[in-house]
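[1] Below is the sequence, then the predicted model.
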Amino acid sequence: MYAFEFERPGSLDAAVKALQEEDAQALGGGQTLIPTLKQRLAMPSKLVSLKGIAELQGIAQEGDVLKVGGGSTHGAVARETKGIFAGLSLMASKIGDPAVRNRGTMGGSLANNDPAACYPAALMATRGTVVTNTREIAAEEYFQGLFTTALEEGEIITSIRFPLPEKSNYQKFEQPASRFPLVGVFVAKYGDRVGVGVTGASEDGVFAWKEAEEALAGNFAPEAVDDLWVSAEGMMSDLHGTAEYRAHLVKVMTKRAVAAAE
Amino acid sequence: MSLDLKLDGRSEDRFGTMAQGLLGTPADRPEGVLKVTGAATYAAENLPENCAFGMLVRAPGQGKVTAVNADEVRAMPGVLAVIRDERMIRNAAQGTANEAPVQGVDHAEYVGQPVAVVVAESFEQARHAAQSLKITTEGSPGPVDPDAVEPEGEPTRTGDLDSAMKDAVHALDLTYTTPSHSSTPMEPHAAIAEWDGDRVSVRASLQMLKYNRNELADCLGISAENVRIQSPFVGGGFGSKLGITAEAVSAAIAARELGRPVRVVQHRRQAFETVTRRSETTQRIRLAADAEGRLSGLGHEALVSNLPGETFAEPVTQASAFAYAGAHRVIGERLARLHRPAAGSVRAPGEAVGVTAFECAMDELAVKTGLDPVELRRRNIPDKDPSSGKPFSSHMLAAALDDGAGRFGWSDRAPEPRSRREGEWWIGSGMAAAFRVNIMMEAEARIDLTPDGAVVETDMTDLGTGTYAILTQIAGEALGLPAESVTVRLGDTDFPPGSGSGGSWGSATTGNAVWLAALDLRRQIAARLDCDEAELTLRDGQATCGNVTRALAEVLGGDDLRGHGHITAGDAFEDVVQSTFGAHFAEVAVSDVTGEVRVRRMLGSFAAGRILNEKTARSQCHGGMTWGIGMALTEELTHDRRDGHMVNRDLAEYHVAVNADVPPLEVHFLEELDPWSGPMQSKGLGELGICGAGAAVLNAVYHACGVRIRDMPATPDKVLAGLE
């Protein structure tokens, strides 16, 4: 083992202060960071746990927006958004396994921005907002590529705001071993627009499939995207699927999500 | 005293007349409760006092190895030693090697080779120190691409296959490829070594202790008498624990150096690399058939690989030598010497991939000839071994085909592919024959009989396969004792040497040694009753001879009796060809939009002589069929094209079939006694279930959607590309 300091501040201000120290690292549920530490892919000298901060907790509907505290676990999101935001609840209920869902947090997942993480697809499709201790960042500005976000050093996600859709759904095609999505598509239908967020597929991370969004805004039905196709260019290719296969799946998963949206 | 038997000719069935009624029943595992309650202690448990913890360090490249900062690491908190000892082994020994594998830490011949062991006061300190040890390698990597080197070996040629192909009404010349497969079991490789003077005791997770003992002694340069290995519980092996492994050798070296016990557990990723993989294969299969589908010739040529210095070459064509008729034959393997991690025996070495590819080719021939796939196989069952001309000890393929086809409802199948669709899913079914050679090794066992019951001892292992249960049944049946009165002790080199677990031979070989030990006791009991052993009936602790019945305890009269059995294979394995047979049937659904394959049901009918325990036998077949699903659909070790390293060396990247992938599996056993296989009339079953199972799935994929996948596994992207 290697020695590091551990701090568990009770307030956002204290956490922000603690993270100003050089080489300090925020710790949410630790479902990515702890395995990373074990493999020595990261060796911060100080871990600042965000688990004891009341400001990061709480899931609440505020008018036509759902506000999720950055420290909310996937399990809490799955349970507490059930009647409010079906697609998000479904998504959260299928992240990892029960152990992961009881520890992992939405803020942690979005800050990490794994290219195969689920939440980015929901945030992109809804054009939601990441709220930090210093500012609000729109989804399209927030995601900046694989494991890269607009967050500054020491910036903490305090909450995430999702405009509540009329209908939504998430469909992922799982890589069988890790159960991470090979491709995941979140569809959110609003009165005047439709959002389609795609994770797991692109070399640039999550993206909005804009052609599908336009087509579905006119006709929210699976066949609305029949004539569209996604280019394999810029799609990820790895052991588990070629770029062509991922591109193909984007359309398949979109159609399934539209058909299942509620 | 010992009762020795060399198996020549046919053996009399002695168990048909036994009275206890224990053998053949689906008896529970006697150690099952210990296992499900966590009370069974596996190799890494049972920590001795003052135990230190070792962690292996892998070579990050090929070439000359340097540990750059060993002194720095030695000074880290808790670190006791950084050991780079020339006796450490390059990779696990091959099964039955009986001597040290290639040793040394100065030159890495593959990426991942263990080149140091770091020992510390705690596991965490050892792991951190091991991760901090910087290893560099110099030199250009050796070849890693099977197609880039000139392979060794030539196939065996009989007749003139080229002409037979030209003259054939139907000729197929096809190439199939299978990737490297991992044998990684649930329990990672682990060892605790402790010295007492010049004698080392190792608790390890190994399959074949009598060989492992000699291998470890040879590695350490000590006498085998000074080595004791204990493996009472083994959490799966699948071939990965056949030969002595890196953690056992390094734990012994470290424990000697430090003068205290040392435990070394391999990380999952290390176990992928340092123990042996199944070689990738490229298989050229040629089939020459007449208008009625009768084979005039067949070719099965395989290219496999292994590290320099390894004797093992995946025996891909082992079953092709005897599976089907056809006078003109080209059969055999070529071996490419590569610097990928070492290859070795993985569950059903040879047949697992060889029968699978060959049975896919037979399906293609069925399509070409317009024959039903079951009928095509029936027509090509040879009446004697086509390679040697020897008779078969028994031949149950036709019976297995008929039994399986009937139970599966094969006759309801529409012959044309793409005949059935449900929503986005194409539904189809396929079948394959199963073959696996029957092998007998040498084994000894002893039984101590007291008024309290019988204690069976042999260094045989139980990998979760059911050895404890089966040996309990054999001894109980032969001695007329209920299961509760029989204790089986396994996995300790202080016991008589058994066969070890591997090659499906465990229960038949060591089981016969236990039978002989019991027969030795039966003769002693009969002598005390003044009767002929054959006339003796033992049941529920009572001995009956003629019209005299006495309690066994009374017959013992205060004496403890010991029986010892020793079996070796003789002419019975030379004069005839012995094999197990089976037939697999599978129904799959193939998504027209994603290319996913879901296996909907699977059925196997198997013949392996007397079935010793219906429950554990069934479980073995379930396991094999599950492996078949993995082989057909998901399992694929990927080697980096530049340096051969295993890219996906953990279970989050290498997918073995799990519950979600496996439908209910139906297993049926055919009534059979094979007198050539020994007094128990039983043949090895452990690996039959995997042989051909993947072919049934792949043939069903073809029947469902018309896509023929020859480059396994049939991942969704490949299937989809075929659908478009």
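    Done, it's in. This structure is a prediction, so every number in the text was calculated from the model and none was measured.
[2] Report how many residues lie close to the residue lying closest to residue A:242 once chain neighbours are set aside.
    Nearest in space to residue A:242, with sequence neighbours left out and distances taken as CB to CB, 6 or more residues apart in numbering or on different chains, is residue B:717 at 5.3 Å. All C-beta atoms are positioned from the backbone trio N, CA, C, and that covers glycine. Around residue B:717 there are 21 other residues, counting by other CB atoms under 10 Å in any protein chain shown.
[3] For residue B:717, pull up the helix or strand it's in.
    Element membership for residue B:717, per DSSP states H and E: helix B:716-723.
[4] From the chain's centre, how far out is that helix? Work that out for me.
    Chain-centre distance of helix B:716-723: 32 Å, with CA atoms, centre = their mean, to the nearest Å.
[5] swap in stretch A:4-17?
    For stretch A:4-17, the distance to the chain centre is 24 Å (CA atoms, centre = their mean).
[6] Let's see the distance spanning it from one end to the other.
    One end of stretch A:4-17 to the other measures 17 Å (CA to CA, to the nearest Å).
[7] for residue 217, what are its contacts?
    Just going to use chain A. For residue A:217, the contact set (CB atoms under 8 Å, 6 or more residues apart in numbering or on different chains) comprises A:192, A:193, A:194.
[8] hmm, I had chain B in mind actually
    Applying CB under 8 Å, 6+ apart to residue B:217 gives the contacts B:223, B:224, B:226, B:227.
[9] ok, of those, which one's closest to residue A:21?
    When the contacts of residue B:217 are compared for distance to residue A:21 (CB to CB), residue B:227 wins out at 53.7 Å.
[10] And that closest one, how close does it get to chain A?
    To chain A, residue B:227 is 33 Å away according to CB to the nearest CB, to the nearest Å.
[11] from memory residue B:667 sits against residue B:620, does it?
    No - Residue B:667 is beyond contact range of residue B:620, at 9.0 Å (criterion: CB atoms under 8 Å).
[12] Show me which of these two is the more surrounded one.
    residue B:620 (26 against 20).
[13] which non-adjacent residue is nearest the more buried one?
    Nearest non-adjacent residue to residue B:620, counting by CB to CB, 6+ apart: residue B:686, 5.0 Å away.
[14] which secondary structure element contains the residue nearest to residue A:250 when sequence neighbours are not counted?
    Nearest residue to residue A:250 in three dimensions, chain neighbours excluded: residue A:230, at 4.5 Å (CB to CB, 6+ apart). For residue A:230, there is no host helix or strand (DSSP H and E).
[15] So residue A:230 sits against residue A:245, correct?
    No - using CB under 8 Å, residue A:230 makes no contact with residue A:245, being 11.2 Å away.
[16] Tell me which residues of the longest helix along chain B come out buried.
    The single longest helix within chain B, with elements called by DSSP state H, is helix B:506-529. Neighbour-count burial for helix B:506-529, counted by 16 or more other CB atoms under 10 Å in any protein chain shown, picks out B:506-526, B:528-529.
[17] And for stretch B:386-399?
    Using 16+ other CB under 10 Å as the burial criterion, the residues of stretch B:386-399 that qualify are B:386, B:387, B:392, B:393, B:394, B:395, B:396, B:397, B:399.
[18] so which of those residues comes closest to chain A?
    residue B:397 (33.4 Å; CB to the nearest CB).
[19] how about the closest one, phi and psi?
    Note on residue B:397: backbone dihedrals following degrees, to the nearest 10 are phi -60, psi -50.
[20] got it, and residue B:81?
    Here is the backbone geometry of residue B:81 (degrees, to the nearest 10): phi -160, psi 150.
[21] If it is in a bridge, with which residues?
    For residue B:81, the beta-bridge partners under DSSP bridges are residue B:119.
[22] Can you tell me how far it is from residue B:46?
    Distance, residue B:81 to residue B:46, using CB to CB, to the nearest Å: 23 Å.
[23] of the two, who's got more company?
    Between residue B:81 and residue B:46, counting by other CB under 10 Å, residue B:81 is the more crowded of the two (21 against 13).
[24] Provide a list of residues in contact with the more buried one.
    B:74, B:118, B:119, B:254, B:257, B:258.
[25] helices and strands around the helix holding residue B:717, which ones?
    Helices and strands touching helix B:716-723, by 3 or more CB pairs under 8 Å, 6 or more residues apart in numbering or on different chains; DSSP states H and E, are helix A:243-260, strand B:579-591, helix B:693-705.
[26] can I get the CA coordinates of it in CSV?
    Only the C-alpha atoms of helix B:716-723 are listed here, as CSV (Å, rounded to 0.1, in the frame of the first residue of the first chain):
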residue,chain,number,x,y,z
PRO,B,716,-22.5,-10.1,-33.3
ASP,B,717,-20.4,-7.9,-35.7
LYS,B,718,-19.4,-11.0,-37.7
VAL,B,719,-22.9,-12.4,-37.8
LEU,B,720,-24.4,-9.0,-38.7
ALA,B,721,-21.8,-8.6,-41.6
GLY,B,722,-23.0,-11.9,-42.9
LEU,B,723,-26.7,-10.9,-42.6
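[27] just to revisit the earlier point, list the contacts of the residue nearest to residue B:620.
    Counting by CB under 8 Å, 6+ apart, residue B:686 makes contact with B:347, B:465, B:501, B:504, B:506, B:507, B:620, B:624.
[28] Which segments of chain B make up each domain?
    As recorded under automatic domain parsing, the domains making up chain B are B:3-40+B:441-569, B:370-438+B:576-723.
[29] mind giving me JSON lines with those domains and columns for mean pLDDT?
    Shown next, in JSON lines, are these (pLDDT from 0 to 100):
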{"stretch": "domain B:3-40+B:441-569", "mean pLDDT": "96"}
{"stretch": "domain B:370-438+B:576-723", "mean pLDDT": "97"}
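[30] possible to save these as JSON lines with distance to residue B:240?
    Converted to JSON lines, those look like this (distance: least, CB to CB, whole Å):
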{"stretch": "domain B:3-40+B:441-569", "distance to residue B:240": "10"}
{"stretch": "domain B:370-438+B:576-723", "distance to residue B:240": "13"}
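[31] nearest to residue A:3, of these?
    When those are compared by CB to CB, domain B:370-438+B:576-723 sits nearest residue A:3, at 27.3 Å.
[32] Could you give the separation of that closest one from the chain centroid?
    16 Å.
[33] Can you pull up the most central residue in chain B?
    Central residue of chain B (CA atoms, centre = their mean): residue B:347, 3.3 Å from the mean position.
[34] Now do the phi/psi pair for the residue nearest to that one when sequence neighbours are not counted.
    Spatial nearest neighbour of residue B:347, excluding adjacent residues (CB to CB, 6+ apart): residue B:238 at 4.7 Å. Here is the backbone geometry of residue B:238 (degrees, to the nearest 10): phi 60, psi 20.
[35] ok, residue B:312 - contacts?
    Applying CB under 8 Å, 6+ apart to residue B:312 gives the contacts B:94, B:276, B:306, B:343, B:344, B:345, B:349.
[36] distance of the second one from residue B:192?
    Which is residue B:276. Computed as CB to CB, the residue B:276 to residue B:192 distance reads 23 Å.
[37] what residue ranges in chain A score low on pLDDT?
    A:1 (pLDDT under 70).
[38] how is chain A carved up into domains?
    Here the domain assignment for chain A is A:5-49, A:56-114+A:126-163, A:167-260, based on automatic domain parsing.
[39] returning to that earlier point: please narrow the contacts of residue B:217 to those residing in strands.
    Of the positions in the contacts of residue B:217, residue B:227 sit in strands, assigned by DSSP state E.
[40] Tabulate the contacts of residue B:217 in JSON lines, adding columns for pLDDT, neighbour count and distance to residue B:539.
    JSON lines is the format used below for the contacts of residue B:217 (pLDDT from 0 to 100; neighbours: other CB atoms under 10 Å in any protein chain shown; distance: CB to CB, whole Å):
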{"residue": "B:223", "pLDDT": "98", "neighbour count": "10", "distance to residue B:539": "46"}
{"residue": "B:224", "pLDDT": "98", "neighbour count": "15", "distance to residue B:539": "41"}
{"residue": "B:226", "pLDDT": "98", "neighbour count": "17", "distance to residue B:539": "44"}
{"residue": "B:227", "pLDDT": "98", "neighbour count": "23", "distance to residue B:539": "42"}
